[in-house]
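> here you go, sequence then predicted model.
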Amino acid sequence: MPREYDYIIVGAGSAGCVLANRLSVNPDHRVLLLEAGGRDTNYLFRLPMLMGKLMHSGIYNWGYHTEPEPHLDGRKVYWPRGKVLGGSSTINGMIYVRGNPADYDGWERLGLPGWSYDSVLPCFKRSEGHVDRDDRYHGRNGELTVCRARGDNTLFDTFIEAGQQAGYPFTDDFNGESQEGFGRYDFTIRHGRRCSAATAFLRPAARRRNLEVITGALTQRIVFSGENADGVEYRQGGKVMFAGAKNEIILCAGVVNSPQLLMLSGIGDAVELEQHGIPVVCHLPGVGKNVQDHVDCCLVYELNQPLSLRKDLRIDKVTLGIIQATLFGSGFVTTFPYEAGSFMKSSGGLEAPDIQTHFMPATEDTANLHWSLPFLRREDVAAHHGLTIRVGPVTPGSRGRIALRSGNAAHAPLIYANYLEDKRDIETTVAGVQLMRAVIARKAFDGVRGRELAPGPRYGTDKELAAWLRDAAMTTLHPVGSCKMGVDEQAVVDAALRVRGVRGLRVADASVMPVITRGNTNAPAIMIAEKAGGLILNG
């Protein structure tokens, strides 16, 4: 006999874990949380320095790739998305950046009341349990532990000092009074271990008898009677099952799977649905459109001294580091390589920064833990010391889309990110590279700065850098926007996150962003779920 719940949440990623917690607080609400992936029991999830291995693993990851990108010389770009409890918060870089106040004020100006910065700040603060900050911008009692960066590599301070020498302010808190400047990021790390959304929100709620969590459950479609969403059909262990929803179904499946599920259920562009033999429930042409992502590139330098993280990544030191992290929650394994960064303006007169950087005192092969052996001679190891600055625009103009590959939920959808289609994205990225070159040239790096390895001296002019980007640009792993919130014809959900044209169905994850935020997108995704919980429970 079909089971019935008050609320069904599809997707146990960052947003789904928050909503499962908030909606199950009332013991009278019976809540079902469906997750296609497995449980987050692998111990490697806990150790921040191992993020690179997890991000490239196919075990806890949907492992998506874009279709050939026309402005990136036809390259397919890797799109890792978490397929596990906690979603991408279980495999991401743990950087906690909310975005700029101008982002949310801009959303409200698009006709979305209740989404201004002043309106969403309480949602950020409610979730946050910051262990180091206590002011009007931060919360200390929320479930999500946030802390300052704790790495002791001296190059982080060198980078920030060089930024100040170049005329940029020091910024102690990118989520505080002003975002612009150079500083260190905050992280979702608790006692030296990753604090994912599953750790913070789902694990405490899982003890409630009115919350049921089912893993390995691939939702195939939403079932409608007329315009009303009645329940979901999902496959688990080779069996197809149905669960009914008395009140609402909330999609928290992310930028790829939320629009895919809407289309599989008959909500989307009618012409496209009919091509796959899917009966149309509601013609919403914006489903899957408006995809945005932060594109970036790597500026890489050699170091003249063995100061990078490479010195710590001998197998014997990593082994000892894992033991130290396990027993005491300390040591370099409990930190993330990209601890420092900046927000800059490409030109004067801008309302807010349009460039973000992430600084790592290592090269990318080091970040992915290509470990050295203890018996290598010092000069052989030192030859690999370097630093990396990832540079990219945080206000991209390029727009992509998600489309169905077939009517089968098990088939990965088509992803067209359309990176660098808007020439302004190229211009802003090139400007960022030139600005960072000027920073690295400052006195603070004298004596340690070696050759520029990428892009290298052969790419000196803006025109040469623009050509280099076709081969060098990559994703910053922040895709959003495929179920746009708004009031225009392309809008998928309204300001209350309700899917237009039907009843009993909402979307509450990063896919609803009408415009991407300036910075890393995990904190905004959690905020959106926090906001959704209030909208659902308070009407």
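Everything's here; your move. Everything quoted here is computed from the prediction, not taken from an experiment.

> least trustworthy helix or strand in this protein by mean pLDDT?
helix 378-382 (a mean of 41; mean pLDDT, DSSP states H and E).

> helix or strand right after that one?
strand 386-393 (DSSP states H and E).

> show me what that next one is packed up against.
Applying 3 or more CB pairs under 8 Å, 6 or more residues apart in numbering; DSSP states H and E, one finds that strand 386-393 contacts helix 154-165, strand 295-303, strand 355-360, helix 364-367, helix 423-440. No exception for glycine: its C-beta is placed from N, CA and C like everyone else's.

> which one of those is the most hemmed in?
strand 355-360 (a mean of 26; mean count of other CB atoms under 10 Å).

> can I get that strand as CSV, trimmed to CA atoms?
Output of strand 355-360 as CSV, limited to C-alpha atoms (Å, rounded to 0.1, in the frame of the first residue of the first chain):
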residue,chain,number,x,y,z
ILE,A,355,36.4,39.4,-9.7
GLN,A,356,37.2,36.7,-7.2
THR,A,357,40.5,34.9,-6.6
HIS,A,358,41.4,31.8,-4.6
PHE,A,359,45.1,31.6,-3.5
MET,A,360,46.9,28.3,-2.9
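
> Pro259: what's it in contact with?
268, 287-288, 402, 413, 482-483, 492, 511 (CB atoms under 8 Å, 6 or more residues apart in numbering).

> picking that back up, can you redo the helices and strands packed on strand 386-393 as CSV with mean pLDDT?
Output for those, formatted as CSV (pLDDT from 0 to 100):
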stretch, mean pLDDT
helix 154-165, 98
strand 295-303, 97
strand 355-360, 98
helix 364-367, 62
helix 423-440, 98
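
> for the ones you listed, which one sits closest to Gly392?
Distance to Gly392, taken as CB to CB, is lowest for strand 295-303 among these, at 2.8 Å.

> which helices and strands does the closest one pack with?
strand 386-393, helix 423-440, strand 449-454, helix 462-472, strand 474-475.

> got the contact list for the second one?
Translated: helix 423-440. So helix 423-440 is contacted by 159, 162-163, 165-166, 168, 295-297, 299, 301, 344, 346-347, 354-355, 357, 389, 391-393, 395-398, 419-420, 449, 452, 455, 462, 465-466, 469, 473 (CB under 8 Å, 6+ apart).

> ditto for the last one
When contacts are taken as CB under 8 Å, 6+ apart, the neighbours of strand 474-475 outside the stretch itself are 77-79, 293-298, 417, 419.

> and with 10 Å instead?
66, 72, 75, 77-80, 293-298, 390, 392, 417, 419 (CB atoms under 10 Å, 6 or more residues apart in numbering).

> let me know how buried Asn304 is, in neighbour terms.
15 (other CB atoms under 10 Å).

> can you check Ser398 too?
There are 20 residues near Ser398, going by other CB under 10 Å.

> what about it, is that helix, strand or coil?
coil (DSSP: H, G, I helix; E, B strand; the rest coil).

> the strand ranked longest in the chain: which residues count as buried?
In the chain, assigned by DSSP state E, the strand with the most residues is strand 239-251. Neighbour counts over strand 239-251 (16 or more other CB atoms under 10 Å) mark 241, 243, 245, 248-251 as buried.

> equivalent analysis for stretch 399-409, please.
Buried-residue list, stretch 399-409, by 16+ other CB under 10 Å: 399-404, 409.

> ditto for stretch 103-118
So, applying 16+ other CB under 10 Å, buried residues of stretch 103-118: 103-108, 110, 112, 115-117.

> please identify which pair of those residues lies farthest apart.
Leu110 and Tyr117 (13.9 Å).

> about what we covered before: so which of the helices and strands packed on strand 386-393 comes closest to Pro48?
Of those, nearest to Pro48 by CB to CB is helix 364-367, at 11.9 Å.

> sorry, back to before: would you format the buried residues of stretch 103-118 as JSON lines with pLDDT, distance to Ala438 and secondary structure included?
Shown next, in JSON lines, are those (pLDDT from 0 to 100; distance: CB to CB, whole Å; DSSP: H, G, I helix; E, B strand; the rest coil):
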{"residue": "Asp103", "pLDDT": "98", "distance to Ala438": "27", "secondary structure": "helix"}
{"residue": "Tyr104", "pLDDT": "98", "distance to Ala438": "31", "secondary structure": "helix"}
{"residue": "Asp105", "pLDDT": "98", "distance to Ala438": "31", "secondary structure": "helix"}
{"residue": "Gly106", "pLDDT": "98", "distance to Ala438": "29", "secondary structure": "helix"}
{"residue": "Trp107", "pLDDT": "98", "distance to Ala438": "33", "secondary structure": "helix"}
{"residue": "Glu108", "pLDDT": "98", "distance to Ala438": "36", "secondary structure": "helix"}
{"residue": "Leu110", "pLDDT": "98", "distance to Ala438": "35", "secondary structure": "coil"}
{"residue": "Leu112", "pLDDT": "98", "distance to Ala438": "38", "secondary structure": "coil"}
{"residue": "Trp115", "pLDDT": "98", "distance to Ala438": "37", "secondary structure": "coil"}
{"residue": "Ser116", "pLDDT": "98", "distance to Ala438": "35", "secondary structure": "coil"}
{"residue": "Tyr117", "pLDDT": "98", "distance to Ala438": "31", "secondary structure": "helix"}
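
> what pairs with the longest strand of the chain, and is each one parallel or antiparallel?
strand 3-10 (parallel), strand 228-236 (antiparallel), strand 505-507 (parallel) (DSSP bridges).

> how about the longest one: buried residues?
By that I understand strand 228-236. Buried, per 16+ other CB under 10 Å, within strand 228-236: 229-235.

> closest to Val10 out of these?
Val232 (6.4 Å).

> tell me what the closest one is bridged to.
Bridge pairing for Val232 - DSSP bridges - gives Ile222, Ala243.

> got the contact list for it?
Contacts of Val232 by CB under 10 Å, 6+ apart are 5, 8-10, 32, 34, 217, 219-223, 241-245, 249, 251, 261, 265.

> which residues touch Thr388?
For Thr388, counting by CB under 10 Å, 6+ apart, the contacting residues are 298-301, 308, 337-338, 358-364, 366-367, 453-454.

> and the contacts of Pro259, which two are furthest apart?
Pro413 and Val492 (15.4 Å).

> so between those two, which is more surrounded?
For Pro413 versus Val492, neighbours defined as other CB under 10 Å are more numerous around Val492 (30 against 21).

> my guess is the more buried one contacts Leu262. True?
Yes. Val492 lies in contact with Leu262 (CB atoms under 10 Å); the separation is 7.4 Å.

> common neighbours of those two, please.
With CB under 10 Å, 6+ apart, Val492 and Leu262 have common neighbours 268, 284, 287-288, 482-483, 499, 507, 511.

> quick one: mean pLDDT for stretch 15-35?
Confidence over stretch 15-35 (mean pLDDT, whole number) is 98.
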